[in-house]
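K.L.:
Okay, here's the prediction I keep looking at, along with the sequence it came from:
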Amino acid sequence: MPRTEHLVGTRALLLAAARDEFAAHGMGGARVGRIAEQAGVSKERIYGYFGSKEKLFAAVISEALTEHATLLGPPSADLAEYAGRIYDLHRRNPQLLRLMMWEALYYDGGLPNEQPRTARYRDMVATLSEALGSESGSESGSESDTEAASTLLALIGLAILPTAFPQIARLILGTTADAPGGDDELRAHIVRLARRMVTPSSDALT
């Protein structure tokens, strides 16, 4: 195997092993030795590739978020269904939510790679702003970025909370999304609520 391919392969193995470890234990509880063992390399190789455990954690988060953005895509014309897509994605990939929750616990303030992540969300807000403006019939075809940003945050919160905090969903609903039919019913309800959120009041009950 050419050296370049070998390096890429080793790095991919390390990131995959690290994603499992960090999702399970967070930055503080993760162990470089376990990551190395799962990837089949030495601990020294990890430091050679990433420099530190914290930088490896940042690389794992960055890769997971890039994958997430690719799978989800930009806000669609049907914004309520977009909330359903967010729900679906996190139900299928709960590991991403765990990584982001660990990230929130570990970092107090600035995040690694914050600027490109902020730019990605700005693009999503701009797309959402245009979609909201079209639905409301505004002459400019857009709503304010502040309103669109708040709406995007609300849509994400609505869609991910049942997966992020299944115990709250169980306590409130008396069941979970994993119960027979529960996932479909909860998703449908999230889409209905999202539709009310993004639809002009005169059409909200249709």
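P.N.:
Done, it's in.
K.L.:
Excluding covalently adjacent residues, which one is nearest to residue 41?
P.N.:
residue 10 (6.3 Å; CB to CB, 6 or more residues apart in numbering). Every residue, glycine included, has its C-beta placed from N, CA and C.
K.L.:
what about the residue lying closest to residue 94 once chain neighbours are set aside, helix or strand, and which?
P.N.:
Taking CB to CB, 6+ apart, and ignoring the residues beside it in sequence, residue 94 has residue 163 as its nearest neighbour in space, at 5.8 Å. If you go by DSSP states H and E, residue 163 is part of helix 145-164.
K.L.:
same for that helix, what does it pack against?
P.N.:
helix 79-92, helix 94-106, helix 114-136, helix 166-173, helix 182-198 (3 or more CB pairs under 8 Å, 6 or more residues apart in numbering; DSSP states H and E).
K.L.:
buried residues in the second one?
P.N.:
Translated: helix 94-106. By neighbour count with 16 or more other CB atoms under 10 Å, helix 94-106 contains the buried residues 96, 97, 98, 99, 100, 102, 103.
K.L.:
now do the last one
P.N.:
By neighbour count, with 16+ other CB under 10 Å as the criterion, the buried positions of helix 182-198 are 182, 183, 186, 187, 190, 191, 194, 195, 198.
K.L.:
that older thread, got the buried residues for the helix holding residue 163?
P.N.:
For helix 145-164, by 16+ other CB under 10 Å, it's 147-149, 151-152, 155-156, 158-164.
K.L.:
check contacts around residue 145.
P.N.:
125, 126, 129 (CB atoms under 8 Å, 6 or more residues apart in numbering).
K.L.:
show me where pLDDT drops low in the chain?
P.N.:
Within the chain, the ranges that satisfy pLDDT under 70 run 1-8, 134-143, 176-181, 200-206.
K.L.:
what's the longest helix in it?
P.N.:
Once the chain is assigned using DSSP state H, the helix that runs over the most residues is helix 3-29.
K.L.:
Which residue, other than its chain neighbours, is closest to residue 22?
P.N.:
residue 30 (5.1 Å).
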